[in-house]
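S.K.: A predicted structure for the sequence below; I have some questions about it.
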Amino acid sequence: MWPRIGDLRALALGTPGEMRHNLNTLVLAGVKQATAGLRSEYVAEGEELEHVGERLALVDDHDQLAGVVEVTGVEVVRFADVSWEFASAEGEGDQDLDEWRAGHLRFWASEGSTVDDDTQVVCIRFRLVSAGKDS
């Protein structure tokens, strides 16, 4: 199971260190309003998909609360079918869908996951509810 803070599932973006810090900063600034994960990770961890209205604890490198987000949309699509509308909502500065795809392929490969056009991707949209440890 994924870590919990109180009754909230943790949302740990990217990998610890600079990447997570940068992604959390984007969320807390309201720029990053979406994230993508592999469906296979949910299966391996025995986790259910997030659902609209669910609140998640955005965590830092030490699994401490950095903020709270509320899920506004969840969709499972083939990697090849992720839309530019979704990819741009991730707010990570990609200039087009090809750049988004290349960056995500590199990331998932660095994590040991092989991704192709048919790989199922969980596309989560969210909004920031509160920021900081007092969330």
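M.R.: Cool, the structure landed. Numbering: from 1, shown residues only.

S.K.: so who does the closest residue to Ala12 other than its chain neighbours touch?
M.R.: Of all residues not flanking Ala12 in the chain, Val59 sits nearest, at 5.1 Å (Cβ to Cβ, 6 or more residues apart in numbering). In short, each C-beta sits where N, CA and C put it, glycine included. By Cβ atoms under 8 Å, 6 or more residues apart in numbering, the contact list for Val59 reads 3, 5, 10-12, 65-66.

S.K.: Could you export stretch 58-72 as PDB, CA atoms only?
M.R.: The C-alpha trace of stretch 58-72 is given here as PDB (Å, rounded to 0.1, in the frame of the first residue of the first chain):
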ATOM      1  CA  LEU A  58       1.200  16.100  -1.400                       C
ATOM      2  CA  VAL A  59       4.400  14.900   0.300                       C
ATOM      3  CA  ASP A  60       8.000  16.000   0.400                       C
ATOM      4  CA  ASP A  61      11.100  13.900   0.400                       C
ATOM      5  CA  HIS A  62      10.600  12.900   4.000                       C
ATOM      6  CA  ASP A  63       6.900  12.000   3.500                       C
ATOM      7  CA  GLN A  64       5.900  15.100   5.300                       C
ATOM      8  CA  LEU A  65       2.800  17.100   4.300                       C
ATOM      9  CA  ALA A  66       3.600  19.800   1.700                       C
ATOM     10  CA  GLY A  67      -0.100  20.400   0.700                       C
ATOM     11  CA  VAL A  68      -3.400  18.900   0.000                       C
ATOM     12  CA  VAL A  69      -4.900  18.500  -3.500                       C
ATOM     13  CA  GLU A  70      -8.400  17.400  -4.500                       C
ATOM     14  CA  VAL A  71      -8.900  15.000  -7.500                       C
ATOM     15  CA  THR A  72     -11.000  16.600 -10.200                       C
END
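
S.K.: Flag every buried residue along that stretch.
M.R.: 58-60, 65-69, 71 (16 or more other Cβ atoms under 10 Å).
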